[in-house]
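1. Everything below, folded, please.
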Amino acid sequence: IPNLTFDPLPDNQFKKEITTKTQVYLHHTASSPDPIGVKEWWISNGEAVSTSFIIGGKFSKRKDGKVWKDGEIFQCFSTKYWGWHLGLKAKHLISGGKSSPELNKNSIGIEICNWGGLTLKNGKYYTYAGNIIPKTDVIELDAPFRGYKFWQKYTPAQIESTKNILLYCKETWKIDIKYKGDAIFDIDKRALMGENGVWTHCSVRPDKSDIFPQKEMIEMLRSL
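-> As a prediction, this is how the structure comes out:
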């Protein structure tokens, strides 16, 4: 995979159990562009939550001097292993569908560093944490999605890296990466049944907004 750095998490942050992969779930972090910070948060919070891949955003300075590139992929563990990344509870599952452990074990998670939905106030775009996002990095959707009309864009480099990971998943795990339609941006019973393919966190969680339907991301998914 181009632009990839293998930077493993501690063994207790994921499951070193080899499982067959049939699904990919696209997430965003709802945080800064910093993929190193995402890893540090996972390690510090006491929960064994993780994904195989984190895709960094536009570089912003860190106090410790560590750096990354826009679109750089940090691989946290081999895709043959698995991590808890969907956060599914009984209320999210459907009769006849897969269990929470099955959906996590048989899927690969991709986290894109992105703040998500933004609020416009006095001509400025604010994240839920109060950070201001430059207008050049903001997209306005035709209609609100999950309560927000303004979102921080996934960068071209992030979209390209997402594409490259999906191509890898197709080649390595024979995952069907053909676009399943805009239905993947809402609860999709096919995902909950464990159907082979590429999904979003929104496909299995009504309370999640990752990833959002950015035109350029959808165009990339359609091109596969």
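
2. ok, residues contacting the biggest strand by length in the chain?
-> Identified as the longest strand of the chain according to DSSP state E is strand 138-145. Residues outside strand 138-145 that contact it (CB atoms under 8 Å, 6 or more residues apart in numbering): 117-118, 125, 148-153, 185, 209, 212-215. In short, each C-beta sits where N, CA and C put it, glycine included.

3. Phi, psi for Leu167 please.
-> Phi and psi for Leu167, reported as degrees, to the nearest 10, are phi -60, psi -40.

4. contacting residues for Leu4?
-> Glu72, Ile73, Phe74, Gln75.

5. Any buried residues in the longest strand of the chain, and which?
-> Phe145 (16 or more other CB atoms under 10 Å).

6. from the chain's centre, how far out does it sit?
-> 19 Å (CA atoms, centre = their mean, to the nearest Å).

7. Mind listing the strands it pairs with, and their directions?
-> strand 148-152 (antiparallel) (DSSP bridges).

8. and the gap between Glu219 and Thr162?
-> 12 Å (CB to CB, to the nearest Å).

9. more neighbours, the two?
-> Thr162 (24 against 11; other CB atoms under 10 Å).

10. Next up, the contacts around that one.
-> Thr162 touches Leu26, Ile55, Ile110, Ile112, Tyr154, Met217, Met220, counting by CB under 8 Å, 6+ apart.

11. does the spatially most central residue of the chain belong to a helix or a strand, and which?
-> The chain has His27 as the residue nearest its centroid, 1.9 Å off, counting by CA atoms, centre = their mean. In the assignment (DSSP states H and E), His27 maps to strand 23-28.

12. Strand partners (parallel or antiparallel) of that strand?
-> Strand 23-28 is paired, per DSSP bridges, with strand 107-112 (parallel), strand 197-200 (parallel).

13. how about the strands in the protein?
-> Counting by DSSP E, the strands of the chain are 4-6, 23-28, 53-55, 73-75, 107-112, 117-121, 124-126, 132-133, 138-145, 148-152, 197-200.

14. quick one, which of those strands is packed in tightest?
-> Mean neighbour count, computed with mean count of other CB atoms under 10 Å, is highest for strand 53-55 among the strands of the chain, reaching a mean of 29.

15. Report all helices and strands that it contacts.
-> On a contact count with 3 or more CB pairs under 8 Å, 6 or more residues apart in numbering; DSSP states H and E, strand 53-55 meets helix 35-44, strand 73-75, strand 107-112, helix 156-173.

16. Could you check how far that strand is from the centre of its chain?
-> Distance, centroid of strand 53-55 to centroid of chain: 8 Å (CA atoms, centre = their mean).

17. Would you mind measuring from the residue nearest to Lys180 when sequence neighbours are not counted to Asp64?
-> Excluding its sequence neighbours, the residue lying closest to Lys180 (CB to CB, 6 or more residues apart in numbering) is Gly197, at 5.4 Å. For Gly197, the distance to Asp64 equals 39 Å [CB to CB].

18. And for Leu224?
-> In terms of CB to CB, Leu224 sits 37 Å off from Asp64.

19. Could you do Lys16 as well?
-> From Lys16 to Asp64 the distance is 28 Å (CB to CB).

20. Equivalent analysis for Glu40, please.
-> Taking CB to CB, one finds Glu40 at 10 Å from Asp64.

21. Also His201?
-> For His201 relative to Asp64 (CB to CB), the value is 30 Å.

22. which residues are in contact with stretch 203-215?
-> So stretch 203-215 is in contact with 25-30, 86-88, 92, 103, 112, 114, 116-117, 139, 141, 145-148, 151, 153-154, 182, 184-188, 191-192, 200-202, 217, going by CB under 8 Å, 6+ apart.

23. Sounds good, over and out.
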